[in-house]
Every structure is written in C-alpha cells, then in structure tokens.
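S.K.: sequence and predicted model, in that order:
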Amino acid sequence: MAVKLLQLSGISVGFDKASILIETDFSLEAGELVGIIGPNGAGKTSLMRTIAGLLPPHSGEIRFLNQPMASISDRQRARQLAYLPQGNESHWDVTVETVVMLGRLPHRESWKGPSEEDREIVSQALDTCDVSQFSDRSVNTLSGGEKARVMLARALAVKPRLLLADEPVAGLDPGHQLDVMEKFRQLSQSGMGIMMVLHDLTLAARYCSRLLLLFDKRILAQGKPQDVLSEENLARCFGIRAHIGTTNQRPFVIPVQRYRPD
C-alpha cells in the first residue's frame, strides 16, 4: 500500500489580501512524480513555497506523513523534505563539495563534522548530477547549468522522502535535461515522492506520472499526462495549438501556433 506523503485540503495561497490559488485540494503518494504546469502567474511557485513552509497559506491545512505540517519542527521537516527553488545563486565563494554537504546539515548533531556516511551520500549525489569533476572548484566559477546540477545534488544529499523542485531543468542543455529527468524518474520508482514545476510540456508528458494544471486560481485539471494535455486545455490555459504525438513510443508536445478565440 502506497504511503501518502502529502495532503492539501482547502489551501488558499496569496500575498496580503490578493489570492493566487483558492480552495486547492490534492495529495501525493510515495513513488509519484507529479508535474505542476500552467501559464506564468498561475501560482506554481507560490504553491511550492507554501508546501515548503516558506509562504503561509491564507487558509486550509497541509499534512505531511499524516501530520499537520505546522506541528512538525523545522529540523524534522528539513530531514524529510527538500526544496529546490528557482535560481542557482550561491552567496558564498565555497567549493561545490561544501555546497552539496549543506544538504546533510539537518542530519548532523550540533558542532559535529560530517561522518563517513555523510561523505558517501555527498559523493553519490555529486556522481548522480554529473558534477564530481567540479567538487574542488568554487561554485561561483561554474556556468548556470552546472550550478543548477550542483544545487540539485545538494537537495538529493538530504535523502528526502519528498522533493520539491521548481523548474529543475531550466538552463540545462538538452542532454543534461534528459539525464536529470531520468534520475527523477528513478528516484520516484525507488519510493521518493517528487513534485516539480515544469514549462517543457514534452518532458512533463514523458516523465511525470501525474500532472496538475493550474489556471484561474485553481487546479483546472489533474491526472495522467495524456488526459491533462488535451487540445482544449492547451488552448484555454496557454493560448496555443500544439502537435501532440509519439515517437519511439514516447509522447511529445510541440506548440505550433497561438490560439486566439473569436
């Protein structure tokens, strides 16, 4: 029986009195790879920040591992939930290995250095994200795409039950996009729950087990990618006509033209 990692009930999200999302309900089980899609301004990042505990909801309840999120200590949450935000900036001139080792901080006792287990987990994360060759370099000497993979390695070093990733393949070259998405799929198949914001509809269709389509302050559609990425939904939410098909038994979605209703 699958473990329910996350449950949102009646969540409304916004800033001050302005609402971005209202009355949002959904749940996520261990082993799922859920993609959040929608046009700019639909509330994708705000939803992720709310789940991560960085933006308080206006109303509703979030439960993590069947406990109210508000009742879980910051340290305990940091051991089981990792958040990979947009952007790849590092404000300190430190090595790549040091950055990735930060992912182990919630698991270490105060004032103690990294254990052998910590070092092994960090080494695995560096290998997984193809950044081992940069381990001794300053993170600020890397390209944007290389930094993105380093920040992903830091999130994986947490060994979380739930991983939240906001546009994790933005800025990566096509080869590394596929590598990273394949890794996400492997992690979900091993039991990790993953939610990610994606703009690439082909990657969303190909790798996600389920999609949430945000539009007009609500979840307009959720379900299997082939059901959510319908011509009607693409026209209504993104204002596009798209070519939807398969190649080598894998789906693709190619925007063809703007759709402007009469």
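M.R.: Cool, the structure landed.

S.K.: now do the SS call for G31.
M.R.: Following DSSP: H, G, I helix; E, B strand; the rest coil, G31 is assigned to coil.

S.K.: got a pLDDT number for it?
M.R.: For G31, the pLDDT comes out at 95.

S.K.: hey, where'd the strands end up in the stretch 1-150 of the chain?
M.R.: 4-15, 18-29, 33-37, 59-64, 67-68, 81-84 (DSSP state E, counting those that start in this stretch).

S.K.: now the last one: mean pLDDT?
M.R.: So that's strand 81-84. Mean predicted confidence for strand 81-84 is 95.

S.K.: repeat that for the shortest one.
M.R.: Strand 67-68 carries an average pLDDT of 93.

S.K.: and it, how far out from the chain middle?
M.R.: The chain centroid and the centroid of strand 67-68 are separated by 21 Å under CA atoms, centre = their mean, to the nearest Å.

S.K.: list the contacts of it.
M.R.: Strand 67-68 is contacted by residues E61, I62 when judged by CB atoms under 8 Å, 6 or more residues apart in numbering. Bear in mind the C-beta positions are built from the backbone N, C-alpha and C, glycine included.

S.K.: mind running it again at 7 Å?
M.R.: The contact list for strand 67-68, computed with CB atoms under 7 Å, 6 or more residues apart in numbering, reads E61.

S.K.: stretch 231-243 now?
M.R.: In this structure, residues lying in contact with stretch 231-243 by CB under 7 Å, 6+ apart are 38-39, 213, 215, 220-221, 253-260.

S.K.: just to revisit the earlier point, nearest to L229, out of the strands of the stretch 1-150 of the chain?
M.R.: strand 33-37 (8.3 Å; CB to CB).

S.K.: related to what we said a few turns ago, for P160, which of the strands of the stretch 1-150 of the chain is the nearest?
M.R.: Of these, nearest to P160 by CB to CB is strand 81-84, at 4.0 Å.
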